[in-house]
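In: Build me a model:
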Amino acid sequence: MEVHAHSHTPRKKWSHYFWEFFMLFLAVFCGFLAEYQLEHKIERDREKQYMKSLLSNLKADTMQLNQRMQFRKDKMAYFDTLMLLLKSPDLNKKTAAIYLNGFWAPIGARFLPNDGVLAQLKNAGGLRLIHKQVVVDSLLNYDTETKYMVDFENWERDRFIDVSAYEKVLDASVFEQNLQYKYPQGIFIFRTPAGNPPLLSYKKEDLDQFYNRIQLQKRLNAVIMNGFFKLQVKAGSLISLIEEEYHLD
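Out: Next comes the predicted model:
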């Protein structure tokens, strides 16, 4: 009978197990770091892309504010002219100018902010992507001021939706006779009426009511112009801040 000797595998030293564990830990840790760095880069890239879009919106707001301020400056001239004409001693000789300025004075054009990107950031919790707190604070402040101006313009529109003061004095048929509509552009051209077409009323109380209405519109128009100017300054400061913080100039 043959006797076979049993072979024994040498036992591993504790240091071998330690290095196996260490290498496994190192591999997992490095993988975690790589994933963290990738996520961090993706977030920073998204943040920068959002900033570029916000910058585009802010520049569009600035351009629109320029247009709205000029529009309201023109309205101010209509208001001033109307008030002078209504107090003229020879009113019946200046009705053509009253109709011209009375046509354009109540025309409105609202400021519509380009807030789509900021609304998306707020609604989807995307503000957390912006790691520069000074930018977040400035954006929210600008958003608050923008909403205030939009609300104020809406209030102005509701305040003057009643045009009875105009209707008591100005004859709409004169407007229609001198108005040319352009389709499909959706625009119209109003020419100064020939001669001096009569007003509907020359009563002092009706003319005074018309005057008071114009003067109130003028005051509110001035308030909105001032608000637009301040908003434009805020937009310019925010543009400079974003360009500086994210090197987007």
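In: Counting neighbours, what do you get for the residue nearest to residue 159 when sequence neighbours are not counted?
Out: Of all residues not flanking residue 159 in the chain, residue 220 sits nearest, at 7.4 Å (Cβ to Cβ, 6 or more residues apart in numbering). Every C-beta, even on glycine, is put in place using the N, C-alpha and C of the backbone. Residue 220: 15 surrounding residues under other Cβ atoms under 10 Å.
In: what are the phi and psi values for residue 220?
Out: For residue 220, the backbone dihedrals (degrees, to the nearest 10) come out as phi -70, psi -30.
In: Could you check the pLDDT of it?
Out: Predicted confidence (pLDDT) for residue 220: 96.
In: before we move on, what about residue 118?
Out: Note for residue 118: predicted pLDDT of 85.
In: quick one: it and residue 58 touch, right?
Out: No. Assessed by Cβ atoms under 8 Å, residue 118 is found out of contact with residue 58, at 9.4 Å.
In: where do the strands sit along the chain?
Out: 179-182, 187-190 (DSSP state E).
In: For residue 234, find the nearest of those.
Out: For the strands of the chain, proximity to residue 234 was assessed by Cβ to Cβ; strand 187-190 is nearest, at 32.1 Å.
In: Average pLDDT for that closest one, rounded please.
Out: Averaged over strand 187-190, pLDDT sits at 83.
In: Which elements pack onto that strand?
Out: Helices and strands touching strand 187-190, by 3 or more Cβ pairs under 8 Å, 6 or more residues apart in numbering; DSSP states H and E, are helix 95-104, strand 179-182.
In: how distant is it from the center of its chain?
Out: Chain-centre distance of strand 187-190: 27 Å, with Cα atoms, centre = their mean, to the nearest Å.
In: neighbouring contacts of that strand?
Out: Applying Cβ atoms under 8 Å, 6 or more residues apart in numbering, the contact partners of strand 187-190 are 100, 103-104, 175, 178-182.
In: And stretch 59-69, by the same measure?
Out: For stretch 59-69, contacts defined as Cβ under 8 Å, 6+ apart pick out 109, 111-114, 146, 225, 228-229, 231-232, 235-236, 239.
In: check contacts around residue 160.
Out: 106, 213, 217.
In: hmm, which of the residues you listed are the buried ones?
Out: Among the contacts of residue 160, those classed as buried by 16 or more other Cβ atoms under 10 Å are 213, 217.
In: quick one on the thing from earlier: which of the helices and strands packed on strand 187-190 is buried the deepest?
Out: Ranked by mean neighbour count under mean count of other Cβ atoms under 10 Å, the helices and strands packed on strand 187-190 are led by helix 95-104, which reaches a mean of 20.
In: could you give the mean pLDDT of it?
Out: What helix 95-104 shows for mean pLDDT is 95.
In: Can you tell me the closest non-neighbouring residue to the spatially most central residue of the chain?
Out: Centroid check for the chain by Cα atoms, centre = their mean gives residue 113 as the closest residue, at 1.8 Å. Leaving out its chain neighbours, the residue that sits closest to residue 113 by Cβ to Cβ, 6+ apart is residue 146, at 4.8 Å.
In: just the helices in this protein please.
Out: With helices called from DSSP state H, the chain shows them at 14-86, 95-104, 116-123, 133-159, 164-167, 172-177, 204-246.
In: Need the residues that contact the third one.
Out: Residues outside helix 116-123 that contact it (Cβ under 8 Å, 6+ apart) are 50, 53-54, 57, 126-127, 129-130, 139, 143.
In: just the residues you listed now: which is nearest residue 196?
Out: The closest of those to residue 196 turns out to be residue 57 (Cβ to Cβ; 48.2 Å).
In: what about the closest one, how many neighbours?
Out: 17.
In: In JSON lines, list the strands of the chain along with distance to residue 69.
Out: Below are the strands of the chain laid out as JSON lines (distance: least, Cβ to Cβ, whole Å):
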{"stretch": "strand 179-182", "distance to residue 69": "26"}
{"stretch": "strand 187-190", "distance to residue 69": "21"}
